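*Asks:* Sequence below, structure please.
(2 chains)
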Amino acid sequence: MLHWLVFAAFPIGFSMVLALYDWQIVAGTNRFVGLEQFQALALDRPFWNSMGNSIRYALWSVPMGMALALGVALLVAKPLRGIAFFRTLFYAPSVMSGVAISMVWIYIYLPEKGLVNSLTSLFGLPSVSFLSDPRWAMPALAFMGAVVGLGPRMVVYVAALLAVPPSLEEAAALDGASGWQRLRNVTLPMIAPTSLFVLVTSTIGALQLFTPIYLMTKGGPLDTTDVVGYHIYTTAWQKFEVSQASAQSCVALAVIGLVTWLQFRLSRKAIEGYSPS
Amino acid sequence: MRKLSVYLALAILAVAMVAPLAWAVLVSLHQPWSEIPEYGKLVPVQPRWDNYATVLFGTDLPVFRFALNSFFVCTVIVIGQVLVCSLGAYAFARLRFRGREALFALVLGSMMFGSTVTQIPVFLTMRQFGWLDTYLALVVPGLGSAFGVFLLRQAFLQVPRELDEAARLDGAGDWAIYSRIVMPMCKAAVATLAAFAFIGTWNDFFWPLIATTSLEMRTLEVGLSTFKNSYGGQNWPLQMAAAVIVVVPSLAVFLLCQKWFVRGAAVGSLK
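*Replies:* Numbering: from 1, shown residues only, chains lettered A, B, ... in the order given. Alright, predicted model coming up:
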C-alpha cells in the first residue's frame, strides 16, 4: 500500500493534473452557470470565425508540412556521406524559440524589403505585404508553420523509411517499376501508419497555434488569422471573460478530439485496405 | 550523377534554412536603430558586438534577469520531470494495480492537449494557491509530463524482468530496483527526457506570459516579446541581437544532445 502511494499514486496524480484540469472546466461551468455559456457561445460569431480560421490553418499547413517533411526525409534517409550534418541542420529550427523565429519571419514577409519580396521582385512580381493582406496572411503563416515544424516530422519519417526492407524496393525495381511507381506503390503504403501519426500530431498542433499569431498578426487583418488559440487568449486575458473562455476551451477540446477520432477512423480503413501483409 | 542531384537538393534546402538565421546574426551587428541593410551591405563594416551587451545589461529591460529566470526555471523543471516521470513510469511499467491501463490511457490522452485548452483551469488553480507571478507558478505546472511518463515507460519495459526478480531474491524492494537497476540501465532515455524538458521549458511562451505579470518574473522568451513592443518593432539590430541571445542556449543544448532528440522524436511515433 505504501509502495502504491509512493510510486504510483503521487506521480500519476501529478502527471494527470493536466488531464484532470479538463474535467474541472466542465464541472466549473456546468455547476455554476449551467449551459448558458454554451448557448451564448453557439451564437458567438467571432468565436466560430476563429474556429473556422484554425481549421483553415490546419488545412493549409498540415498537407504542406507533411509533404515537405516526407520530401526532405526521402533525401536524408539516403546513406550518403555527411548526411547526419543535413539532418541536424534541418532539425535545428524546431528547437528554436518561437519568439525569435517569429521576429525573423516578420522580416521574411516584410513588404518591399523582406526576403520573399526581394526574391520575387527579381522576377518582376509586385510586392505583397503578406501579413496584412487578408488573402495572404493565412497561407503565409501556414507556410511558416510547415517549414519551422519540419524537424520532428522529418525524423519520424526517416525512422519509418529506414525500416522499410530494401528487398521490397529492389524486387519492384526488378519488375521494372520506375522511381515514382516504387514510391507510390511500395514505400508510401509501407509507411502509412507513420503518415497517420504525423497527420494526427500535426493537426493537433495546428489547431492549437498561438505564438506566431500573437507576435505577427494579432489575429488580423480583418480577423482572418484570429485562430481559436489566440481567440481564447484574448477572451480570457484581455477581455477577462474567463468563464466564456472556459466554454470556448471546452468546444475547442471537443473539436480537436473529434478531428483526431475522425482521422483515426478514416485512415485505419485506408491503411487496412493498403496493408501488404 | 544521382548522388550529385541529391547533394544539390540538400544544399539548396540547407541554404534556405540557414539564410534567415545568418541574416539575423548579421543584422544584429549593425548600428542600433539603423535601417534594414540592403543585401550588398549585409556584412557590417564595423561589427557592433556591443549590441549584445546593450541588450543584456541595458536599462530599458532587465534582460539579464530574464535569462537568470529562464535558467532557474529550466533547471528545476528538468530535475523535477526526471524524478516525477521516472517514478510514474516505473509504476506503469512494473507495478500491478487496479485501473493501471485506464490511468495510462488517460495520461496518453492528456499528451494531446497543449496550453490552449488547459490554460484557464491551471491559471485559476495557481491563483487559488496564491502562486501567480512567483517561481512556483512557473515551475510547478511543468513538473509532470505525459510525454516523459510515456517515453520512460517504453524504456523501462525494455529492461529484462529477470533482473528485477534476481534482485528481489536478494531482498531488494521497489525502491532499490528503481534506483539501482532500472534507472541506471535507462540513462539514454532519461537524457532524452531531460533534453526535451529543457528545450520545451526554455521555449515555452504561453504559460509564462499569463502566469507572470511583473517584469522581474518574466522569462527570456516572454521578456523578448516585450522587447519587440518597446522598440516599436523598428530597432532591427537590437531585436535580432535579442533573438540570437534567446536561441543560442537552446541550440547549444540541442547540438550537445542531438542523438537523443532523434531518439525521442522516433519513440513518439512507435505508439
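
*Asks:* got a list of what B:Leu209 touches?
*Replies:* Taking C-beta atoms under 8 Å, 6 or more residues apart in numbering or on different chains, we find B:Leu209 in contact with B:222, B:225. C-beta: built from backbone N, CA, C; applies to glycine.

*Asks:* let me redo that: B:Phe129
*Replies:* Counting by C-beta under 8 Å, 6+ apart, B:Phe129 touches B:Leu136.

*Asks:* Now with 10 Å, please.
*Replies:* Applying C-beta atoms under 10 Å, 6 or more residues apart in numbering or on different chains to B:Phe129 gives the contacts B:136-137, B:140.

*Asks:* Most neighbours among the residues you listed, please name it.
*Replies:* B:Ala137 (24 neighbours; other C-beta atoms under 10 Å in any protein chain shown).

*Asks:* I'd say it and B:Met126 touch.
*Replies:* Yes. Contact criterion C-beta atoms under 10 Å: B:Ala137 and B:Met126 qualify, at 4.6 Å.

*Asks:* hey, what's in contact with both of these two?
*Replies:* B:207, B:210-211.

*Asks:* And the pLDDT for A:Leu80?
*Replies:* Predicted confidence (pLDDT) at A:Leu80: the value is 83.

*Asks:* and the gap between it and chain B?
*Replies:* Noted for A:Leu80: a distance of 7 Å to chain B, by C-beta to the nearest C-beta, to the nearest Å.

*Asks:* Near the residue lying closest to B:Ser34 once chain neighbours are set aside, how many other residues are there?
*Replies:* Distances taken as C-beta to C-beta, 6 or more residues apart in numbering or on different chains place B:Pro237 nearest to B:Ser34, at 6.2 Å, with adjacent residues excluded. For B:Pro237, the count of nearby residues is 24 (other C-beta under 10 Å).

*Asks:* quick one: which of the contacts of B:Phe129 is nearest to B:Pro47?
*Replies:* B:Ala137 (39.9 Å; C-beta to C-beta).

*Asks:* what's near enough to touch that closest one?
*Replies:* Going by C-beta under 10 Å, 6+ apart, B:Ala137 touches B:122-123, B:125-127, B:129-131, B:207-208, B:210-212, B:217.

*Asks:* one more time with 7 Å
*Replies:* Shown in contact with B:Ala137 (C-beta atoms under 7 Å, 6 or more residues apart in numbering or on different chains): B:126, B:131, B:211.

*Asks:* Chain neighbours aside, what residue packs nearest to B:Ala176?
*Replies:* Nearest residue to B:Ala176 in three dimensions, chain neighbours excluded: B:Ala167, at 6.6 Å (C-beta to C-beta, 6+ apart).

*Asks:* which other residues reach the helix or strand where that neighbour lies?
*Replies:* Counting by DSSP states H and E, the element that carries B:Ala167 is helix B:161-169. With C-beta under 7 Å, 6+ apart as the test, helix B:161-169 has contacts from B:94, B:176-177, B:181.

*Asks:* chain center to that helix, what's the gap?
*Replies:* Mean C-alpha position of helix B:161-169 versus that of the full chain (C-alpha atoms, centre = their mean, to the nearest Å) differs by 36 Å.

*Asks:* So for stretch B:243-260, mean pLDDT?
*Replies:* In this model, stretch B:243-260 carries a mean pLDDT of 87.

*Asks:* buried residues in that stretch?
*Replies:* Of all the residues in stretch B:243-260, those buried under the rule 16 or more other C-beta atoms under 10 Å in any protein chain shown are B:243-247, B:249-251, B:253-254, B:257-258, B:260.
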